[in-house]
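Enquirer: Sequence plus the predicted model coming up.
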Amino acid sequence: MSPTTLPAGLDHGHVTFLGAGPGDPGLLTLRAVEALANADVLVGEHEVLDVVRTHARAGVAVLNTGPDPSAGTYPGTGTAQLAAVDGESTAAGVPALRDPAHLVMEAARGGKRVVRAVTGDPGLDAYAAEEMLACAAAGVPFEVVPGIATAVGVPAYAGVPLRDAQGADVRFVDARTASDRCWTEVGASDGTVVVSTTLDSVAAAAGELVAAGRKPDTPLTVTVGGTTTRQRTWSATLGSIAQTLKQAKVLPSPDGWRPVIAVVGERSAAAQRDQLSWFENKPLFGWRVLVPRTKEQAASLSDQLRSYGAVPHEVPTIAVEPPRTPQQMERAVKGLVTGRYEWIAFTSVNAVKAVREKFEEYGLDARAFAGIKVAAVGEQTAKALVAFGVKPDLVPSGEQSAAGLLEDWPPYDPVFDPIDRVFLPRADIATETLVAGLIELGWEVDDVTAYRTVRASPPPAETREAIKGGGFDAVLFTSSSTVRNLVGIAGKPHNVTVIACIGPATAKTAEEHGLRVDVMAPEPSVHKLAEALADFGLKRRAAALEAGDPATRPSERRPGARRRRTTT
C-alpha cells in the first residue's frame, strides 16, 4: 500500500514531516509556512515548537513531546503536553510517556492535519524515518517538507565554509551514535569533518579524532545556539578545545547538554572566521533592546532590530482607549459623509484605527472618503490608510511630523477649495502645532478627540528588574510620553543601558528624568532611530576590537568595570 492511500474506513488525516531548520525561524521554507498555516496539530520538542508555532493558525493543538529545557532537563522521552495557541482550549488529558509516533498516528486517525516538526531536516532524523514507516504501514498519507540541515546551516552562520576551491571532502558525524569504525574512517581522511555533539562532549569527540589519526593542531570551531541570537563560536584546535572552553568559563556548566556543531579541518576556513563571521558581527548582535511602544506600533520596529541581530522586547507603555464622550467623534464621522470637510488629516496609526472602527460601527467603508483629500503625517500612518483602502493625497516630503506636514500643506484658496474645513482626529494629549499651523494657512479645523492615551499597566516583575538592574542593552524612546510612562510603570533604566531618543524633545525629557542620552535619530523616524542605534553598536564594536578588547554588550559591563579600566 502506498503512503498516499487510505484504507477503507480510516478518516482522512494527513501528516507533514517538516524540517524546522537549525533554529532561525527565517530559514523556514515557503512550503513549511504553508503547511503550518493549514495544520490542526503541531507535534515536536519545545525548542522546535518555538520556531514553528508563530506560523500556525489560532487554536492549533500543540503537542510537546518533551519537557521544557528551561526546566534544566534535556528534551527526551517525557510527558507529552497538549496546549493551544492563543489560549484556545483543546483536548486534554494526554497520558504520560507516549512517544511522538503514537501522538502523530492518533491525531491523523482522527482526521487531523498533523505537522511533525523536527530540528534540521527530516531526512537526517532517525526518529522521523521510523515515524514515516509507521505512517506507511498504517496507510496514513504523509509528505516530507525538507529543511536546512543543522550541520550545514550552523557553519554557514558561524562564517565557516565547509568546502574550498579545491573541493575537499566533507564528512558528517553524529558523535552521539558514531561507532569506532566511523571515527577511524574520518580520522584517516584529511577532509572537513562536521561533528554534531553536545557542549560537554565536544572535547571527547576531539579526542576520538586525535586517537584516529588527526593531528592535535588541526583547526576546530565549535558553535552553540547556531543561527539564533544566542549563537556563540569558539576557535581552537583538537588539542586545545577543552582548555579553550574552560578559559571561556563555558564548562563545566549545567547547559552542557546543549547541542553544538564542531567543524574540523585544515580547509574549513576556521582561520578566516574573523572575516567571514557575518552573523555574530551584526551591529547589535545579541543586544536585548527594550521597545516601549504599543504592540501594533512596535511590530515593524522590532523586525528592523532583529535584522541587526538584536532581541527586541516589547513593553507597552501607553494603552489606547475610546474617548470619554463619543458624541464629538460621531458628529465628525457623519460630517465626512455629508460633505462637511475638504480634508481629513491623520497624525498616527491609532487615529486611523479609531476612525476605521467608527466607520465599521456605522456600516461604512473606505468609499466614504470619496471626494475628501486625505493627509498622513508619515509612512507608517500612510501604510495603515492603504490597508484600510485609502491612498493618502498628502504625506510629508521631508520631516515626518506635524511640522513636516505643514511644510507641504497648501493654504486655503476660496477659488479652488469649495470647503474650508479640516477634520483632525487625534489623541487627547496631542500638541497644538498642527492646529495652529492649519489656522494660519486659512483653514477651519475640527480638532476631535478620537482616542485617549493612558498609562499602560506595569510589565511583569522580571522585566521591571531587568530594566532597573541593567538587563537590557538599549532602550528606544519614540516620544516624551514613552519616557515618562516607562519610568512611571517600570522604573528608570540602569546607567549601563544605552538610551536612544527619536528627537530633541524626547531627549530633553529623558535628561529631565536623569537619563544619559547616547543616541539620537538624525530625523524623527522610528526606522532612522533603529539605524542610529545600529550605527552606534557598530562603532562600539569596532572601538573595542581596535583596543584589543572583546566585543561585549553594554549589559555585560558595569560602571565599576569601566572605572577600573580607565584608572589602569
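Expert: Great, that's in hand.

Enquirer: In the stretch 1-150 of the chain, mark out all the strands, start to finish.
Expert: Counting by DSSP state E, counting those that start in this stretch, the stretch 1-150 of the chain has strands at residues 14-19, 41-44, 61-64, 81-84, 113-118, 142-145.

Enquirer: In TSV, list those along with distance to Met520, mean neighbour count and mean pLDDT.
Expert: Every C-beta, even on glycine, is put in place using the N, C-alpha and C of the backbone. Formatted as TSV, those follow (distance: least, C-beta to C-beta, whole Å; neighbours: other C-beta atoms under 10 Å; pLDDT from 0 to 100):
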stretch	distance to Met520	mean neighbour count	mean pLDDT
strand 14-19	44	26	96
strand 41-44	44	26	94
strand 61-64	43	22	92
strand 81-84	44	16	40
strand 113-118	43	26	96
strand 142-145	46	18	96
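
Enquirer: just so I know, which of these lies nearest Trp343?
Expert: Comparison of those against Trp343 by C-beta to C-beta identifies strand 81-84 as nearest, at 46.5 Å.

Enquirer: Please report the residue range of the longest helix in this protein.
Expert: If you go by DSSP state H, the chain has its longest helix at helix 526-546.

Enquirer: That helix packs against which elements?
Expert: helix 295-307, strand 474-477, strand 498-501, strand 519-520 (3 or more C-beta pairs under 8 Å, 6 or more residues apart in numbering; DSSP states H and E).

Enquirer: pLDDT of the first one, averaged?
Expert: Okay, so that is helix 295-307. Taken as a whole, helix 295-307 has a mean pLDDT of 78.

Enquirer: now swap in the third one and tell me
Expert: The predicted model gives strand 498-501 an average pLDDT of 97.

Enquirer: Adjust the sequence numbering to begin at 826 for everything that follows.
Expert: That works, and once the first residue is 826, the last one we named lands at strand 1323-1326.

Enquirer: in stretch 974-991, what counts as buried?
Expert: 974-987 (16 or more other C-beta atoms under 10 Å).

Enquirer: Of these, which pair is most distant in space?
Expert: Going by C-beta to C-beta, the pair spanning those furthest: Ala974 and Gly984, at 17.5 Å.

Enquirer: Can you point out the buried residues in stretch 1015-1029?
Expert: 1016-1028.

Enquirer: My error: substitute stretch 1126-1137 in the last question.
Expert: Buried, per 16+ other C-beta under 10 Å, within stretch 1126-1137: Leu1126, Ser1127, Gln1129, Leu1130, Arg1131, Tyr1133, Gly1134, Ala1135, Val1136, Pro1137.

Enquirer: can you give me the strands for the stretch 1126-1275 of the chain?
Expert: 1136-1139, 1143-1146, 1168-1171, 1198-1201, 1246-1252, 1269-1280.

Enquirer: Among the ones you listed, which comes closest to Val1177?
Expert: Of the strands of the stretch 1126-1275 of the chain, nearest to Val1177 by C-beta to C-beta is strand 1168-1171, at 5.3 Å.

Enquirer: can you list contacts of the closest one?
Expert: For strand 1168-1171, contacts defined as C-beta atoms under 8 Å, 6 or more residues apart in numbering pick out 1161, 1177, 1180, 1194, 1197-1202, 1206, 1209-1210, 1217, 1230, 1246-1250, 1259, 1263, 1268.

Enquirer: Name every strand pairing with that strand and say which way it goes.
Expert: strand 1198-1201 (parallel), strand 1246-1252 (parallel) (DSSP bridges).

Enquirer: Adding mean neighbour count and mean pLDDT, write those out as JSON lines.
Expert: Below are those laid out as JSON lines (neighbours: other C-beta atoms under 10 Å; pLDDT from 0 to 100):
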{"stretch": "strand 1198-1201", "mean neighbour count": "22", "mean pLDDT": "95"}
{"stretch": "strand 1246-1252", "mean neighbour count": "22", "mean pLDDT": "92"}
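
Enquirer: residue ranges with poor pLDDT in this structure?
Expert: 826-837, 891-923, 990, 992, 1092-1097, 1119-1124, 1382-1393 (pLDDT under 70).

Enquirer: From the centroid of this structure, which residue is nearest?
Expert: Arg1131 (5.6 Å; C-alpha atoms, centre = their mean).

Enquirer: Now do Asp1025 against Gly1032, distance only.
Expert: 13 Å (C-beta to C-beta, to the nearest Å).

Enquirer: quick one: His871 and Arg878 touch, right?
Expert: No. Assessed by C-beta atoms under 8 Å, His871 is found out of contact with Arg878, at 10.4 Å.

Enquirer: ok, for Trp1112, nearest residue in space, not its chain neighbours?
Expert: Leaving aside its sequence neighbours, Trp1112 sits nearest to Asp1298 (C-beta to C-beta, 6 or more residues apart in numbering; 4.0 Å).

Enquirer: Spit out the contact partners of the nearest residue to Gly1090 once chain neighbours are set aside.
Expert: Leaving out its chain neighbours, the residue that sits closest to Gly1090 by C-beta to C-beta, 6+ apart is Thr1017, at 3.7 Å. Residues in contact with Thr1017 (C-beta under 8 Å, 6+ apart) are Leu987, Arg988, Ala993, Asp994, Val995, Arg996, Val1088, Val1089, Gly1090, Arg1092, Ser1093.

Enquirer: wait, what's in contact with the residue nearest to the fourth one when sequence neighbours are not counted?
Expert: Computed as C-beta to C-beta, 6+ apart, the closest residue to Asp994 that is not its neighbour in sequence is Gly1016, at 3.1 Å. Neighbour list for Gly1016: Ala993, Asp994, Val995, Arg996, Gly1090, Arg1092 [criterion: C-beta under 8 Å, 6+ apart].

Enquirer: Over to Val1020. Which of the three states is it?
Expert: strand (DSSP: H, G, I helix; E, B strand; the rest coil).

Enquirer: returning to what we had before: just send the strands paired with strand 1168-1171 back as JSON lines, with distance to Leu888 too.
Expert: Putting the strands paired with strand 1168-1171 into JSON lines (distance: least, C-beta to C-beta, whole Å) gives the following:
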{"stretch": "strand 1198-1201", "distance to Leu888": "45"}
{"stretch": "strand 1246-1252", "distance to Leu888": "44"}
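
Enquirer: from what I can see Ser1306 touches Ile1254, true?
Expert: Yes. If you go by C-beta under 8 Å, Ser1306 and Ile1254 touch, sitting 7.1 Å apart.

Enquirer: Which one of these two is surrounded by more residues?
Expert: Ser1306 (18 against 11; other C-beta atoms under 10 Å).

Enquirer: show me the contacts for the closest residue to Gly1316 other than its chain neighbours.
Expert: Nearest non-adjacent residue to Gly1316, counting by C-beta to C-beta, 6+ apart: Lys1293, 4.4 Å away. Lys1293 makes contact with Ala1315, Gly1316, Lys1317, Pro1318, His1319 under the criterion C-beta under 8 Å, 6+ apart.

Enquirer: and Lys1293, what helix or strand is that in?
Expert: Lys1293 is located in helix 1286-1294, with elements delineated by DSSP states H and E.

Enquirer: what's the answer for Glu1336, then?
Expert: helix 1329-1337.

Enquirer: repeat for Val1114
Expert: Assigned by DSSP H and E, Val1114 falls in strand 1113-1116.

Enquirer: Using CSV, write down the CA coordinates of that strand.
Expert: This file holds the C-alpha atoms of strand 1113-1116, laid out as CSV (Å, rounded to 0.1, in the frame of the first residue of the first chain):
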residue,chain,number,x,y,z
ARG,A,1113,18.4,43.0,24.3
VAL,A,1114,16.6,46.1,23.2
LEU,A,1115,13.6,47.5,25.0
VAL,A,1116,10.9,48.8,22.7
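
Enquirer: and for it, what are the contacting residues?
Expert: Counting by C-beta under 8 Å, 6+ apart, residues outside strand 1113-1116 touching it are 1123, 1126-1127, 1130, 1135-1140, 1291-1292, 1296-1301, 1311, 1318, 1322, 1358, 1378, 1380.

Enquirer: which one among the buried residues of stretch 974-991 gets closest to Val885?
Expert: Nearest to Val885 among the buried residues of stretch 974-991, with distances taken as C-beta to C-beta, is Thr975, at 24.7 Å.

Enquirer: give the contact list for the closest one.
Expert: Here Thr975 is in contact with Gly846, Pro847, Gly848, Thr944, Gly945, Ser1021, Gly1051, Pro1084, Ile1086 (C-beta under 8 Å, 6+ apart).
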